[in-house]
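# Okay, structure incoming, though there's no sequence with it:
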C-alpha cells in the first residue's frame, strides 16, 4: 500500500524548441553574479554556448565560468568549482549540459558556503547542508538522468574508486528552473543517446521492481516504460525525429523526479552495480547500467516472480496463456533483452573496459542496498559481475 | 507531438495517516491570522475540525471561520468570505474539506485584495489577478477534483445559471501545501465516493481524448486510468480498504495537477456539459459528468476512432482480433459503461433533477470548447442532453 510520504517539486520547467527564451524571464530573479558551468565544450560547437552567453550579457549579468566538467564529475573538480564560485560571489549557478553538469552544479551549490569538506560531509557522512545553498538553473542538452528536476548529485572520487550519489532532502536543492529543448539533444552521438534512453528506462525499473503491494506508482511506471520503449525505437532509427526525442526528454524528467517512488520501496541495485563499474572504468553511465541489468534481474527474478510476470504482460505484451508464472516472467526479460540489443546497448562490462581482475574491487565498491526483491550479499555481487563480463 | 509548454507545481503534499501533523511544520511559515474554511459541518462530527483547531491553537494562530461552503460554491458566498478574510486581516486561508472548499479558498485568495468585482474580473472576463493574493493551505477530506494541487477554482452564479471554472495561470495560486489523509475520505457516503471516482476518471479522459499525436502524456493517462479502475472496484466493494482509498486519493491529485495536459490539446466538453447540468440542478459534480459522458463519447467516437480504439485495448483490454477499428472502439465504451454501472453511478440527468423542459436552458449554459475530436454546435449539445435524460 501507499506508505506515508511528502512530495514537493518546485522546479519550473520550460519545454520546447523556443524554451531558451525563458532564460530572459528567469535571470532577473537572481543577483548579477552568474557562474556558467559546462562540460567538454560541445556547446561551443553547436551554438548553445553563444546563445546562452548572449542572453546572460543582455540580462546584465557578470559571468564566471567553470568549464570541463567531466561525464563523471570528480571531487577535485568539485573543489575547483567551489573556489571559482566563491571568488565570483556567485548568486546563481547556471548549468548548461547533461546530467553530469547539472549534478555537479548542485554539488557546488551545497558546498560554496560549507565550512567542512563537502566530500566527507555529503558523500561519506550523507549529511544535509547546514549552510546557505546557491540557486541552480539548468539548460539541458542531454537526456537521461532526470537531474534537471531532482535533488540528486553524483560525485566520483577517483582516488578511492568511489562513485556516490546523494539525493538531498530539501527541495530547494532542486534546480529552480530547467530549460528543456529537445533539439539540443539531437546533436548527441547515437551511443550517448541510447545510453541515456537506457538510463531513463532503468530509473523506472529501479522504482518498479520492489514491494508486492498494489500501488498507483506502478501503473504510472508501466505507462512511462511503454512510452520510452515506443519512442526509443523511433529515435534509434531516426535520431532527428522531434516527436520521439521530445517524448524521451519528457519521460526522462518524470522517470526520476521523485514521483514514481512516492509511498513505495525501491531497489537501486542496478545503479549501485553500474556506479561501481563506472568508478573503475569511467564508462558512460547508461552503458554500465545496461551491461549489469540482465544478470541482476535474472538473479532476483525468483524472489519477485509476480512483479516480473506483471512487467512481462503489461510492459512487453507477453501472452500468459498456458504458461507458468516464472516462464511468463522470463519471457518479459527476454523481450527486454531483444529491445536492448535492438538499440545497440553495451551488454557486457568487458566491453566497457572492465576486466576479470577488477571484479573483486568492483564488488568492494558496490554499495549493498536493501529494498529490492533480494538483498544481495557480496558473493552474489561477484557472481553477477562475472556474468556481466 | 509535444508542443511548447511550461510546468511548475510547487504545492507541498503530505500524504498518509499521520499527515495532519505536518500542519505544525507548515503553520509557522505564515502570519498569525488564519481563516479556517469548511463546508456543511461534517468535519465537526468526524473529529477533523477539533484536530485542526487544536493544532491552530497550539501554533498560536488567531482564527476566523468561513463555514457552510456549499458543494457548488456561489458567488454570494464568495463575497461573504472576502468580507470575513478582509475583516480578519488574513495571512493564510486554510481549507478543510473537498474540492469545493479548496476551490472556494482559491477564489477568496484572488479576491481579498481585488478592487473590482471578482465574478466580473475572473469568471466573465477571465483575467488574472493584478493584486496581491493570499496563500492557501488545504486539508483534504474528499477525493476527486484535484483542487489540492492546481490553480483552478469553480464558482457558480445561481442568478445567471452559470457554473464557471477559472484555471489561474500563476502557480502561486495553487495551494502552498495540502494534507492528504486517505482515512479522512472513508467517512464519505458511497454516493459521494463513487461520484469522486468518476470525476477522477473523467479528468483523465478530458486530457486523453484529443489530438492524434504520439505523446508521453497519453501513456501516463492510460496507466493512471488502469489504476483508478482497479482501485475503484476494490473501494466500491469495501470502502474501508485503505490501500484502494489511498491509491484513489493519489490518482486524483495527478489526474488534474496539469501534468497530463502538458504539450497536448485537451477536450473538457464533458465538464462543460456537466457543469451546465449542475448549474440547473445543483447535482453532485461527478454524477453530472457520469450522466452525460456516454452520450457525448458515443457522439464523438466517429471523429476519433483511432484514440477510442487505443483506449479500448490499452485501458479495457479489448481484444482487437478480427474486428474493425470502430467495433473495437465501441467495445471500449461498452466496457466503460459496464464499469460505471458496477460502481452505481447515475447514468441519466433526469435522475439528477433535470427535466426535458430544461434542455434548451442547459444547452444555452453549455460553453462550447474546441479541442476535442469534434467541436460541438448547439444542436449537437441539445441532442446529447436529450440522450442523457
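Done, it's in. What you see is a predicted model; the values in this text were computed from it and never measured.
# Could you find the closest non-adjacent residue to residue A:131?
Leaving out its chain neighbours, the residue that sits closest to residue A:131 by C-beta to C-beta, 6 or more residues apart in numbering or on different chains is residue A:113, at 4.0 Å. (C-beta placed from N, C-alpha, C; glycine too.)
# Tell me who's in contact with the one you found.
The contact partners of residue A:113, taken as C-beta atoms under 8 Å, 6 or more residues apart in numbering or on different chains, are A:131, A:132, A:133, A:134.
# Can you select the buried ones from these in ChimeraX?
With 16 or more other C-beta atoms under 10 Å in any protein chain shown as the criterion, this ChimeraX line picks the buried residues out of those:
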select /A:133,134
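# farthest pair in the contacts of residue A:113?
When the contacts of residue A:113 are compared pair by pair using C-beta to C-beta, the two farthest from each other are A:131 and A:134, 10.1 Å apart.
# give the contact list for residue A:368.
By C-beta under 8 Å, 6+ apart, the contact list for residue A:368 reads A:269, A:272, A:375, A:376, A:377, A:378, A:381.
# now it, what's its secondary structure?
coil (DSSP: H, G, I helix; E, B strand; the rest coil).
# can you point me to the longest strand in chain A?
The strand spanning the most residues in chain A, taking DSSP state E as the definition, is strand A:5-15.
# buried stuff in the helix or strand that comes right after that one?
Elements were assigned by DSSP states H and E; along the chain past strand A:5-15, the next helix or strand is helix A:23-26. Of the residues in helix A:23-26, those buried by neighbour count under the rule 16+ other C-beta under 10 Å are A:23, A:26.
# for helix A:23-26, packing partners?
Counting contacts by 3 or more C-beta pairs under 8 Å, 6 or more residues apart in numbering or on different chains; DSSP states H and E, the secondary-structure elements packed against helix A:23-26 are helix A:48-58, strand A:136-140.
# And residue A:44, how far from residue A:50?
Applying C-beta to C-beta, to the nearest Å, one obtains 8 Å for the distance of residue A:44 from residue A:50.
# I meant residue A:214, not that one.
Relative to residue A:50, residue A:214 is positioned 51 Å away (C-beta to C-beta).
# between those two, who's got more neighbours?
For the pair residue A:214 and residue A:50, the greater number of neighbours falls to residue A:214 (18 against 11), based on other C-beta atoms under 10 Å in any protein chain shown.
# Cross-check the contact I'm expecting between that one and residue B:241.
No: the criterion here is C-beta atoms under 8 Å, and residue A:214 misses it with residue B:241 at 9.9 Å.
# got a list of what whichever residue of the stretch 201-350 of chain A sits closest to chain B touches?
Using C-beta to the nearest C-beta, the closest approach of the stretch 201-350 of chain A to chain B is made by residue A:223 at 2.8 Å. Neighbouring residues of residue A:223 by C-beta under 8 Å, 6+ apart: B:219, B:220, B:221, B:222, B:223, B:224.
# redo that, cut-off 6 Å
For residue A:223, the contacting residues are B:219, B:220, B:222, B:223, by C-beta atoms under 6 Å, 6 or more residues apart in numbering or on different chains.
# Would you mind giving the residues you listed as a markdown table with pLDDT and secondary structure added?
Shown next, in a markdown table, are the contacts of residue A:223 (pLDDT from 0 to 100; DSSP: H, G, I helix; E, B strand; the rest coil):
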| residue | pLDDT | secondary structure |
| --- | --- | --- |
| B:219 | 97 | helix |
| B:220 | 97 | helix |
| B:222 | 97 | helix |
| B:223 | 97 | helix |
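# Turn these into JSON lines, including distance to residue B:75.
Listed next are the contacts of residue A:223 as JSON lines, based on distance: C-beta to C-beta, whole Å:
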{"residue": "B:219", "distance to residue B:75": "40"}
{"residue": "B:220", "distance to residue B:75": "35"}
{"residue": "B:222", "distance to residue B:75": "38"}
{"residue": "B:223", "distance to residue B:75": "38"}
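# Nearest to chain A among the residues you listed?
The shortest gap between chain A and any of the contacts of residue A:223 belongs to residue B:223, at 2.8 Å (C-beta to the nearest C-beta).
# Please tell me how far the nearest residue to the closest one once chain neighbours are set aside sits from residue A:244.
In space, residue B:223 comes closest to residue A:223 once its chain neighbours are excluded; the distance is 2.8 Å by C-beta to C-beta, 6+ apart. Computed with C-beta to C-beta, the distance linking residue A:223 and residue A:244 is 17 Å.
# Report pLDDT for residue A:1.
With respect to pLDDT, residue A:1 scores 62.
# before we move on, what about residue A:235?
97.
# Please name the strands paired to the longest strand of chain A in the sheet, noting orientation.
Here the strand partners of strand A:5-15, with direction, are listed using DSSP bridges: strand A:177-180 (parallel), strand B:5-15 (antiparallel).
# Run the angle between it and strand A:136-140 for me.
When axes from the mean of the first three to the mean of the last three C-alpha atoms, to 10 degrees is applied, the directions of strand A:5-15 and strand A:136-140 differ by 50 degrees.
# and strand A:5-15, how far out from the chain's middle?
What separates the centre of strand A:5-15 from the centre of its chain is 16 Å, taken as C-alpha atoms, centre = their mean, to the nearest Å.
# rewinding a little: chain B: which of the contacts of residue A:113 is nearest?
Ranking those by separation from chain B, with C-beta to the nearest C-beta as the measure, puts residue A:133 on top at 17.1 Å.
# Could you list the contact residues of the stretch 51-200 of chain A toward chain B?
Within the stretch 51-200 of chain A, not a single residue sits near chain B (C-beta under 6 Å from any C-beta of the partner chain).
# what's the distance between residue A:112 and residue A:136?
Distance of residue A:112 to residue A:136, given as C-beta to C-beta: 11 Å.
# Of the two, which one has the most company?
Neighbour tally, residue A:112 and residue A:136, criterion other C-beta under 10 Å: the higher count belongs to residue A:136, 31 against 22.
# Dihedrals phi and psi, residue A:40?
The main-chain torsion angles of residue A:40 are listed as degrees, to the nearest 10 and equal phi -80, psi 0.
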